[in-house]
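Chemist: dropping the sequence and predicted coords here.
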Amino acid sequence: MPTDLVFEKDSEGKIITTKPTLWHCHGSRSLRPLWALEEMGIDYDVVSMQFPPRINEPNYKEMNVLGTVPYFIDGQQRMSESTGICHYLVERYNHAALKIDIDDAEYADYLNWLYMSDATLLFPQTLVLRYSLFEPAERQSPQVAEDYKNWFWARLKRLDQHLARHTYLCGNRFTMADIAVGYALYLGVTNGLESGYSESIKGYLARLMDRKAFKKSAAVGEKLSPFVHPELWTMRK
Ligand SMILES: N[C@@H](CCC(=O)N[C@@H](CS)C(=O)NCC(=O)O)C(=O)O
């Protein structure tokens, strides 16, 4: 998986890739599609960057104006939503083992978990991170961080009830929904929020993190991670 690729550009200056290509920062939401690509056995490229790329990779915003990760190119398709890319991959590459079909009784549940993974389970964590870590000391807010930590824990109730009776989210098997939700839980652990997890949630996350594809993808770009190497931190300066 090369991380120092040089890309050709088309006449409009848009990057052309020869394989599905993911722009990634270690530990960030781009881990969702990276993990998915590994589970699916797709031949892909990954470009690792130092977080946050909008500061550390000045040219990145020419491609992704938001400056966020993930960014993903597959032929003419360009995407910037982590769960959306997972959904795209499983449909585009028709990966039966990881998807729930539209005529399956659990299809609505499957979509609900996919959407919940970012909008409900990850969103409150971004406030915790921002107001306890990303902002300069004078703008940090223990109150905001505490409130959104509790918000996150409260939003785990439905998942907890489900996992008390099931090994995985849908279809009695590991699917893309587990990747999407699993990443939100994994971020919670790296955020120090695991103490609010029930035994069912802890066991579920341990099962997911034990997967070969998770272990491989979670390690990608580690050398560039300011969360692992605080001397690389540029946002708070
Ligand atoms: N909803 C988007 C959010 C993307 C996003 O905000 N990514 C974060 C990393 S987890 C980011 O790039 N933050 C850097 C920044 O805002 O500069 C997704 O699910 O991919």
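Modeler: Perfect, I can see it now.

Chemist: distance check, residue 193 against the ligand.
Modeler: Taking Cβ to the nearest ligand atom, to the nearest Å as the measure, residue 193 falls 15 Å from the ligand. For every residue, glycine as well, the C-beta is placed using N, CA and C.

Chemist: just give me the neighbour total for that residue.
Modeler: 19 (other Cβ atoms under 10 Å).

Chemist: what of residue 159?
Modeler: A count of neighbours around residue 159, defined by other Cβ under 10 Å, yields 23.

Chemist: per-residue pLDDT, it?
Modeler: Reading off the confidence values, residue 159 has pLDDT 98.

Chemist: just to check, it is in contact with residue 197?
Modeler: No - using Cβ atoms under 8 Å, residue 159 makes no contact with residue 197, being 9.6 Å away.

Chemist: what residues sit buried inside the longest helix along the chain?
Modeler: Across the chain, the longest stretch assigned as helix under DSSP state H is helix 176-190. Neighbour counts using 16 or more other Cβ atoms under 10 Å place 176-188 of helix 176-190 among the buried residues.

Chemist: kindly report the same for stretch 109-128.
Modeler: Under the neighbour-count criterion of 16+ other Cβ under 10 Å, stretch 109-128 has 109-110, 112-114, 116-118, 120-122, 124-128 buried.

Chemist: hey, where'd the helices end up in this structure?
Modeler: 31-40, 53-56, 60-63, 82-92, 107-119, 123-129, 142-154, 157-163, 176-190, 199-209, 212-218.

Chemist: looking at those helices, which is closest to the ligand?
Modeler: Distances from the ligand to each of the helices of the chain were compared by Cβ to the nearest ligand atom, and the smallest falls on helix 82-92, at 3.5 Å.

Chemist: what is the closest one packed up against?
Modeler: Contacts defined by 3 or more Cβ pairs under 8 Å, 6 or more residues apart in numbering; DSSP states H and E place helix 82-92 against helix 31-40, strand 71-74, strand 77-79, helix 107-119, helix 176-190.

Chemist: quick one: strands adjacent to the second one?
Modeler: According to DSSP bridges, strand 71-74 has the following sheet partners: strand 21-24 (antiparallel), strand 77-79 (antiparallel).

Chemist: most tightly packed of those?
Modeler: Stretch with highest mean neighbour count among the strands paired with strand 71-74: strand 21-24 (a mean of 24; mean count of other Cβ atoms under 10 Å).
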